[in-house]
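Peer 1: based on what follows, work out the 3D shape:
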Amino acid sequence: MSDLRVSTETVLPTAASATLVGRVWLPGTGPRLVAVHDDRLVDVTDLGPTMADLAERDNPAGDVRQLLDQPAGETQSWVLAYVLGATASEADRRRGHEESIGIDQTILLSPVDLQVLKAAGVTFVESMVERVIEERVGGDPTRAAEIREQLGDTIGASIENIEPGSDDALRVLEVLRENGLWSQYLQVGLGRYPEVFTKGAVLSSVGPGWDIGIAAISSWNNPEPELVLVVDSTGRARGATLGNDANLRDIEGASALLLPLAKVDGVFAEALRPFKFRIPRSPECLICGAPADPAGEDLDVALDQALARLGHE
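Peer 2: Now for the predicted structure:
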């Protein structure tokens, strides 16, 4: 099987109109902002110097395109294929080492820097039902299949086409409560206000192919491919990428109060694709090597729904 981490066909979206920016580590210098231009990464740090600064500009994607249209001159650039290969080899070299190891190649970093990582939970029906399952079994995976079958026939059918926060959704919540099926996860999944919480601290995310932290106390966990919005300090969505979170199902299922332990489960808890400012049409899970789900059109729908519920219609 070919290494998805080093192929531009899997790392980059296919649309030629995409504006893609990210960050690289330049040995002897530190982090630099870059943008994809043909088969190269072009230094656009002058628009920052940080990704957080770039997101604060009135038109960050437009400013990047304008800079790329200018004559190359003395602007530094790197061959994209080389940087992808170096990133993969560096991740492999560091795997399993707990001590600090210096970086001696130009490699891709996580595309975000001075932004706190927030999360909006239970945003899809399937994941909502799975959260209820975790709650009902108290984090015991041996009982999950039985409860999943029971809830799939009751809760799943009743909420499949319900718009979160609507009057219909609130009526469904009341019916579920009357029948002993209410859950805190259904409340935030169907109610007027979404669940938004801090998932990771500043500089706690890593780029593609790098190790992430899984708490040793967890035995029931899985990756979670997710849509990631990049917002500015006023809450405006300025870009998008894909992320892959580690979900500790036994820990969070035992008690919702353990969410901080279940989510901030290592120094590097969130893996992000290296470039942003476009919603990928055919996303790939670069950590697990399999297609992410939901994909394509569903990502656009999820983005629209998330922005609507947060008041950014």
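
Peer 1: hey, let's count contacts and neighbours off CA atoms from now on
Peer 2: Will do.

Peer 1: surely L80 and D43 touch.
Peer 2: No: in this structure L80 lies outside contact range of D43 using Cα atoms under 8 Å: 12.0 Å.

Peer 1: contacts only, for E195.
Peer 2: Residues in contact with E195 (Cα atoms under 8 Å, 6 or more residues apart in numbering) are 119-122, 188-189.

Peer 1: residue boundaries of the helices in the stretch 201-313 of the chain?
Peer 2: Assigned by DSSP state H, counting those that start in this stretch, the stretch 201-313 of the chain shows helices spanning 249-254, 259-263, 297-309.

Peer 1: worst average pLDDT in those?
Peer 2: Comparing mean pLDDT across those, the weakest is helix 297-309, with a mean of 48.

Peer 1: what helix or strand does S89 sit in?
Peer 2: helix 80-94 (DSSP states H and E).

Peer 1: least trustworthy helix or strand in this structure by mean pLDDT?
Peer 2: Scoring the helices and strands of the chain by mean pLDDT, DSSP states H and E places strand 284-285 at the bottom, with a mean of 29.

Peer 1: tell me, what residue is most central in this protein?
Peer 2: G243 (2.4 Å; Cα atoms, centre = their mean).

Peer 1: where in the stretch 1-150 of the chain is pLDDT low?
Peer 2: Applying pLDDT under 70 to the stretch 1-150 of the chain flags residues 1, 14-16, 98, 122-126.

Peer 1: which residues in it form helices?
Peer 2: Under DSSP H, counting those that start in this stretch, the stretch 1-150 of the chain gives helices at 8-11, 51-55, 60-69, 80-94, 125-137, 144-151.

Peer 1: keeping just the C-alphas, turn the shortest one into PDB.
Peer 2: What that stands for is helix 8-11. Extracted in PDB, the C-alpha atoms of helix 8-11 (Å, rounded to 0.1, in the frame of the first residue of the first chain):
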ATOM      1  CA  THR A   8      -0.200  15.200  -3.400                       C
ATOM      2  CA  GLU A   9      -3.300  13.400  -4.700                       C
ATOM      3  CA  THR A  10      -4.300  12.500  -1.200                       C
ATOM      4  CA  VAL A  11      -3.000  15.500   0.700                       C
END
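
Peer 1: burial count for the closest residue to H37 other than its chain neighbours?
Peer 2: Nearest residue to H37, sequence neighbours excluded (Cα to Cα, 6 or more residues apart in numbering): L68, at 7.1 Å. The local packing of L68 (other Cα atoms under 10 Å) involves 17 other residues.

Peer 1: for G22, see how far away L68 is.
Peer 2: Applying Cα to Cα, to the nearest Å, the value for L68 to G22 is 14 Å.

Peer 1: can you pull the buried residues of stretch 133-145?
Peer 2: For stretch 133-145, the neighbour count (16 or more other Cα atoms under 10 Å) marks 133-141, 144 as buried.

Peer 1: how far out from the middle of the chain is it?
Peer 2: Stretch 133-145 has its C-alpha centroid displaced from the chain centroid by 25 Å (Cα atoms, centre = their mean, to the nearest Å).

Peer 1: same question for stretch 205-221.
Peer 2: For stretch 205-221, the distance to the chain centre is 14 Å (Cα atoms, centre = their mean).
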